Every structure is written in structure tokens, then in C-alpha cells.
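Engineer: just coords:
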Ligand SMILES: Nc1ncnc2c1ncn2[C@@H]1O[C@H](COP(=O)(O)OP(=O)(O)O)[C@@H](O)[C@H]1O
Ligand SMILES: [Mg+2]
């Protein structure tokens, strides 16, 4: 379990995260949705160690992560897929993926084992291994970026807007890849501005507003919640499903301070 407790964090001009409490269950796919500027990317930054919380704690199975910095957090098995455009275009797919295993460079057997595992999970790595990364489409690049991240065999994978700029076919591929990585044992915490897509990929959903959790529920329940539908899905929650929603109502006043 990844536990974020009472986290306040920002960039010098006031706190973006305003006392964030969030539980990310082990083995699940948790998706944080919410409007632009809600602090979604900031949540991933404090977890991955890119940004230090001003107050509060972040723990993975009881171990504090919040004072470790990026390298320390990575060493604990929490890896963030960087934003797109993160591949070296002149290098081959294989070289790009192997870079993800840089910390294993002294253990060639393990490095090769991980590479084989990742190629099996993400076929494009094997199919296009000698192609330059610059020749790939946006969706293919996203998959290779995830592949590179999986080289460290993370226990928790952090993904910021995996759908950004992808065509529908690539979206399906990336969603499936996230599910496959999860089925192979990786806990996933992802952030999506595309609420419908994010919740459809996830098992757990979190609505973030003004740097606080406004609502937390099984993803299907959130998707069917009439207020979520109204605010984020264009009012299209199906009647039959909304009738079954339980325990997932939005408080009238969140005091979110935006
Ligand atoms: N590097 C930064 N420096 C200053 N302000 C930032 C920085 N990154 C984000 N912010 C601000 O923090 C707020 C939340 O940003 P972010 O976490 O990126 O939101 P989201 O991912 O939900 O769109 C926004 O108001 C944004 O302008
Ligand atoms: Mg963002």
C-alpha cells in the first residue's frame, strides 16, 4: 500500500497539494482524474521524489519515501514513466529500452532476463528492436517509454497522462499494456485528464480538485456517479448504473480553496 498522508506541496507560490490523503492499494490500477491544474501531476512528482512535500508523509508498505529523493524512491521500486518525447530518437528501440536497465549494467544475466521479459510483454520492443526510436509513432513511443521503465521491475508504476496525443488505436494498445503490467504484478498509479478513459482503465478512481481528494471510489462507481458524469463526462452516465451507485456522493462544499 502506498499511503500519502496530509501532504502539502507546491512550487514556491503557495501549496498546490492542500493536505492530500490518498491510499493506493497494492496490485490495483488507481487513476487520479480531475480538471487541468488540480494538482494531478504534482501528486506523481511528490511520490517519485521530484518534489519534496512541505508537510506530510508518503509511505510504501510502511517505509517513508518522502525524504529519499528520486534515486532513493526508484531504489524502493517506484518508477515514473517520464513525459513523452523522452526517448533518444537516434538510438534503436533496444538501446533505449536497455538504458532503463542502467542500474543493472553489472549483472548482464539479470539485464538480459528483464529485457526478454519486457519484450514479451511489449511485442513492439522485439519487432522493432533495431529501428530508431525517432521512426516510431506517438503511441509506439509511449509503449517503448513504458518498456524502458519496466526494466527496473518496479513494484509501483507512475504514469502521467499516458493518453496524451495518442490516436484511438494507440490508446487501446497503451491501455492494454497498463493492464498487462498490472496483471504481471505491478501496482499502477496513473493520472488522466481524459476522465472516461482513465476510469475505464482503472480499478480505483480518485477525483482530485484544488489539491485535495474530492471523491474516491471503485472506478466503475465513479464513472456511474451522476455528479462526476455531469462535471467531467458531459452528463452521460447511464441511468441504470447511476441507480446502483452507493457511497460515492460529492460533498456540497469541498472548500477546495482554488
Ligand atoms: N514547475 C512549476 N512551477 C510553478 N507552478 C507549477 C509548476 N508545475 C505546476 N505548477 C502549478 O501547479 C498547479 C497544479 O499543476 P499540476 O499538478 O501540473 O496540475 P494537473 O496535472 O492536475 O493539471 C497549477 O496551477 C500549475 O500552474
Ligand atoms: Mg498534469
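Structural biologist: That came through fine. Predicted, not measured: the structure shown is a model, and the values here were computed from it. Ligands and ions are numbered 1, 2, ... in the order given.
Engineer: mind checking how far the helix or strand encompassing residue 73 is from the chain centre?
Structural biologist: Residue 73 is located in helix 69-75, with elements delineated by DSSP states H and E. How far helix 69-75 lies from its chain's middle: 17 Å, per Cα atoms, centre = their mean, to the nearest Å.
Engineer: contacts for that helix?
Structural biologist: Residues from elsewhere that reach helix 69-75 (Cβ atoms under 8 Å, 6 or more residues apart in numbering): 47, 48, 49, 50, 65, 68, 152. C-beta coordinates here come from the backbone N, C-alpha and C atoms, glycine included.
Engineer: try it again with 10 Å
Structural biologist: 45-52, 58, 60, 65-68, 78-80, 103, 149, 152, 154, 156, 158 (Cβ atoms under 10 Å, 6 or more residues apart in numbering).
Engineer: can you turn the buried part of those residues into a PyMOL selection?
Structural biologist: Per 16 or more other Cβ atoms under 10 Å, the buried members of the contacts of helix 69-75 correspond to this PyMOL selection:
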select buried, resi 45+46+47+48+49+51+58+60+65+66+68+78+79+80+149+152+154+156+158
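Engineer: so which of the contacts of helix 69-75 are in helices?
Structural biologist: Using DSSP state H, the subset of those located in helices is 45, 46, 47, 48, 149.
Engineer: which of the residues you listed sits closest to ligand 1?
Structural biologist: Closest to ligand 1 out of the ones in helices among the contacts of helix 69-75 is residue 45 (7.3 Å), distances taken as Cβ to the nearest ligand atom.
Engineer: OK, contacts around the closest one?
Structural biologist: 9, 11, 16, 17, 39, 51, 52, 53, 70, 80, 158, 160.
Engineer: correct me if wrong: residue 118 contacts residue 149.
Structural biologist: Yes - counting by Cβ atoms under 10 Å, residue 149 is a contact partner of residue 118 at 9.3 Å.
Engineer: how about the ones in helices among the contacts of helix 69-75, which pair is most distant?
Structural biologist: Farthest pair in the ones in helices among the contacts of helix 69-75 (Cβ to Cβ) is 46 and 149. Separation: 18.3 Å.
Engineer: one step back: anything in contact with each of residue 118 and residue 149?
Structural biologist: With Cβ under 10 Å, 6+ apart as the test, residue 118 and residue 149 both reach 97, 100, 181.
Engineer: of those residues, closest to residue 128?
Structural biologist: residue 97 (10.5 Å).
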